[in-house]
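Undergrad: here is a sequence with its predicted model. Questions after.
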Amino acid sequence: MAEEVIKLGGKKKSFFIDKVKELLPEGGNLNLCLTCGACSSGCPATGLAGMDPRKFLRMAALGMDDEIIKSDWPWMCTLCQRCIYVCPMKIDIPQLVYNVRTLRPREERPKGILGSCDMAIKNESCSAMGTPPDDFIFVVEDVLEEYQEAQPEFKEMLAPLDKKGTQFFLNQNSREPVTEPDEMVPLWKILHLAGVDWTYGSKGWGGENYCMFLADDKSWEKIVQTQTNQCHELGCSVYLNTE
Ligand code: SF4
Ligand code: SF4
């Protein structure tokens, strides 16, 4: 039987080795990764596509750039950062994952994330469903009226839109106004009963940021900018991200 030879990096310039070195704190070297597996033990993406964060880091350290770029695993990492918290060396694996994502041409990135990002930059709602501001306003007002009438104990409840000077500027899951509008109401009720001064923005109300997960810096920035601009324009004190 022919022997299979696995080449590890060789003399080829490795993008990832340099990246991994940058990510090690205080000028440490890769041998300081203890291969303890703490990162993998709590990672929700461990075992997917035959990969885990420890293996991913070792492959990067060994210069296996081609294999890493081809793998779908970096797209399965949730960027949750659990691995950093448990790593004794505080190695920033999600940052490495993010860098890997940027290497894939935008149009070849996963369709679900790509489509949601494109929808979010379509209008000023920042909704991953592409819902325009006027449709959001209509749904919120319609649902609010329905509950005020059906539940007299909540007839004073409000769901303010573009109210100036409130304490909290809230965003909203993009899917709910479109597919499950009633799901918006429990939070309104809690805020009402707690006497919280809050508002949605007609612009920047979509809470998710798929462009971050897509590793599309410009679109990510555009969304954050739209949200924070609206918050500033209304003069709200706190931007509260519910997503
Ligand atoms: S937790 Fe840190 S030190 Fe341990 S294997 Fe993972 S990256 Fe290496
Ligand atoms: S950031 Fe990615 S690699 Fe780290 S624990 Fe979360 S899913 Fe796993």
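TA: Nice, I can see it. Ligands and ions are numbered 1, 2, ... in the order given.

Undergrad: residue ranges of each domain in the chain, please.
TA: Following automatic domain parsing, one gets these domains for the chain: 15-102, 111-240.

Undergrad: counting contacts, what elements does the helix or strand harbouring E146 pack onto?
TA: According to DSSP states H and E, E146 maps onto helix 133-150. With contacts taken as 3 or more C-beta pairs under 8 Å, 6 or more residues apart in numbering; DSSP states H and E, helix 133-150 sits against helix 176-179, helix 185-193. C-beta coordinates here come from the backbone N, C-alpha and C atoms, glycine included.

Undergrad: one step back: nearest approach to ligand 1 belongs to which of the domains of the chain?
TA: domain 15-102 (3.2 Å; C-beta to the nearest ligand atom).

Undergrad: please see if that closest one touches ligand 1.
TA: Yes. Using C-beta under 6 Å from any ligand atom, domain 15-102 reaches ligand 1 at 33-39, 54, 57, 86-89, 91.

Undergrad: and the buried ones among the residues you listed, selectable in ChimeraX?
TA: Command for ChimeraX, covering only those of the residues of domain 15-102 next to ligand 1 found buried under the criterion 16 or more other C-beta atoms under 10 Å:
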select :33,38,39,54,57,86,87,89,91
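
Undergrad: just send the residues of domain 15-102 next to ligand 1 back as a markdown table, with pLDDT and secondary structure too.
TA: A markdown table is the format used below for these (pLDDT from 0 to 100; DSSP: H, G, I helix; E, B strand; the rest coil):
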| residue | pLDDT | secondary structure |
| --- | --- | --- |
| C33 | 76 | coil |
| L34 | 83 | coil |
| T35 | 88 | coil |
| C36 | 93 | coil |
| G37 | 95 | coil |
| A38 | 96 | helix |
| C39 | 96 | helix |
| R54 | 94 | helix |
| L57 | 88 | helix |
| V86 | 94 | helix |
| C87 | 91 | coil |
| P88 | 89 | coil |
| M89 | 84 | coil |
| I91 | 84 | coil |
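
Undergrad: in the chain, which helix or strand is least confident?
TA: Least confident helix or strand, the chain: helix 15-23 with a mean of 69, by mean pLDDT, DSSP states H and E.

Undergrad: now do the strands in the protein.
TA: Under the criterion DSSP state E, the chain contains strands at 168-170, 198-200, 238-240.

Undergrad: that older thread, dump the helices and strands packed on helix 133-150 to a markdown table, plus mean pLDDT.
TA: Formatted as a markdown table, these follow (pLDDT from 0 to 100):
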| stretch | mean pLDDT |
| --- | --- |
| helix 176-179 | 96 |
| helix 185-193 | 97 |
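
Undergrad: so which of these comes closest to ligand 2?
TA: Comparing the helices and strands packed on helix 133-150 by their distance to ligand 2 (C-beta to the nearest ligand atom), the top pick is helix 176-179, with 25.2 Å.

Undergrad: how far does that closest one sit from its chain's centre?
TA: 19 Å (C-alpha atoms, centre = their mean, to the nearest Å).

Undergrad: ditto for stretch 80-88
TA: Averaging C-alpha positions (C-alpha atoms, centre = their mean) puts stretch 80-88 17 Å from its chain's average.

Undergrad: any residue of that stretch touching ligand 2?
TA: Yes. Counting by C-beta under 6 Å from any ligand atom, ligand 2 is contacted by stretch 80-88 at C80, Q81, R82, C83.

Undergrad: what residues does that stretch touch?
TA: Applying C-beta atoms under 8 Å, 6 or more residues apart in numbering, the external contacts of stretch 80-88 come out as 34, 36, 38-44, 53, 90-94.

Undergrad: what do you get if the cut-off is 7 Å, keeping everything else the same?
TA: L34, C36, A38, C39, G42, C43, P44, P53, K90, D92, I93, P94 (C-beta atoms under 7 Å, 6 or more residues apart in numbering).
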